[in-house]
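1. missing the sequence, but the structure's below:
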């Protein structure tokens, strides 16, 4: 994980004591506590800690108890530091608490002594924003920033900043497990090596895992946190949103930890091929030594895939043990017929073919002064047809196979929908029909 320093978690189960003649008393200790460090480079330098405590629903000892929600309590501490020559130790004016895309927020407030936020906004998707007008000066702290949520804690990408100087770190926050499943998910190979004489030198490799999304869904590296969970969180790898880099123009993404970072992680999501691979080195995986199976859950945003793979001992000696899993016949996910993993006009998974058009717009005539334009782009334009629908529910289907010469002004059978824009970026329609009406075609001119 990409936490900085002095992380600590206190996981305490609430215990109940029963004494003769006395009511049951529950433990008043937070179920999780910790601190995460944020910093910025010169010239405007800050070093801030976000200290947190998380209380279970109904814990009356929390600062703002809730009978039904978890109570998350954060305090932003802006430390006094000596900045480099020519730099300045600045206040902190922004704290964006990242929350899981499946999480819900019941309330966000603050209490106690310290610098109170001038604005608290819990309406931002995937975020609870606390803004401090004049900032939290070096040597000062915020009030207790309190968030209530029915969602249990997980690792979310959070931001501390001053003006445009920002730092992003993983922080425990309302997360909620993903609520959707991948269309297809499985694993073909696992290699697990645990050392008996070396600490935190274990290795895990998941090779040729397979994955595909349901129609209309896709991976967004800018917003989706990627998590790998082994045996229900016994080991968890969390990769913040924005960490994956796209290779070329296809849906092929790569993540790799920096030099000197441990554990060393390489992660590949190749959605064009429907594959995923991960390699983890210099990790502590000793709890899996001798395991007979490994439960693997991959979570991307609010979508998950899970499989339990049987492990066999491949090698076992005085220094290490190697566990292995390999499917006897390789499994692969069904392929769509185009290069797009996100298709809204799919007629059934694995049976979509993409039109030669790159954009297609129609106008629905609701009245002389009231029209609604519906546009489809890329893989959302199906072959041999595409269906468009307006918010009121009316719909129409057009032949978008490029075997018919489309033009602006063409209407559906009812006459309510009219084609008003076509982009034939591939040139197939143009070649077959001798060109496209210039007033209709929005294909960019080649340079």
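-> Everything's here; your move. Predicted model, so just to flag it, every value in this text is computed and none were measured.

2. Tell me where this protein is predicted with low confidence.
-> Within the chain, the ranges that satisfy pLDDT under 70 run 1-28, 334-354, 358, 366-370, 377-380, 391-392, 424-427, 434-447.

3. quick one: the helices in it?
-> 428-433 (DSSP state H).

4. domains of it?
-> Domain ranges of the chain: 16-174, 180-326, 353-433, per automatic domain parsing.

5. how far does stretch 197-205 sit from the chain's center?
-> Taking the mean of its C-alpha atoms, stretch 197-205 sits 28 Å from the chain's own mean (C-alpha atoms, centre = their mean, to the nearest Å).

6. Now that stretch: buried residues?
-> 201-204 (16 or more other C-beta atoms under 10 Å). For glycine as for every other residue, the C-beta is placed from the backbone atoms N, C-alpha and C.

7. Throw these into JSON lines and include distance to residue 149, thanks.
-> Shown next, in JSON lines, are those (distance: C-beta to C-beta, whole Å):
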{"residue": "201", "distance to residue 149": "38"}
{"residue": "202", "distance to residue 149": "34"}
{"residue": "203", "distance to residue 149": "36"}
{"residue": "204", "distance to residue 149": "32"}
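
8. can you tell me the distance between the two ends of stretch 406-418?
-> In stretch 406-418, first residue to last residue: 11 Å (C-alpha to C-alpha, to the nearest Å).

9. go on, stretch 181-200?
-> 32 Å.

10. same check, this time on stretch 36-52
-> 9 Å.

11. coming back round to it: can you say which of the domains of the chain is nearest to residue 333?
-> Nearest of the domains of the chain to residue 333, taken as C-beta to C-beta: domain 180-326 at 3.6 Å.

12. distance between that closest one and the chain's centre?
-> 15 Å.

13. cool, and stretch 154-168?
-> Per C-alpha atoms, centre = their mean, the centroid offset for stretch 154-168 relative to its chain is 16 Å.

14. how about it: buried residues?
-> Those buried within stretch 154-168 under the rule 16+ other C-beta under 10 Å are 154-162, 165, 167-168.

15. re the thing from before, let me have the domains of the chain in TSV, extended by distance to residue 333.
-> Converted to TSV, the domains of the chain look like this (distance: least, C-beta to C-beta, whole Å):
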stretch	distance to residue 333
domain 16-174	23
domain 180-326	4
domain 353-433	17
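
16. that older thread, for residue 308, state which of the buried residues of stretch 197-205 is nearest.
-> Set against residue 308, the nearest of those by C-beta to C-beta is residue 204 (15.5 Å).

17. Run through the residues that contact the closest one.
-> 190-193, 230, 278-280, 283, 285 (C-beta atoms under 8 Å, 6 or more residues apart in numbering).

18. can you do 7 Å?
-> 192, 280, 283, 285 (C-beta atoms under 7 Å, 6 or more residues apart in numbering).

19. Equivalent analysis for residue 86, please.
-> Taking C-beta under 7 Å, 6+ apart, one finds residue 43 in contact with residue 86.
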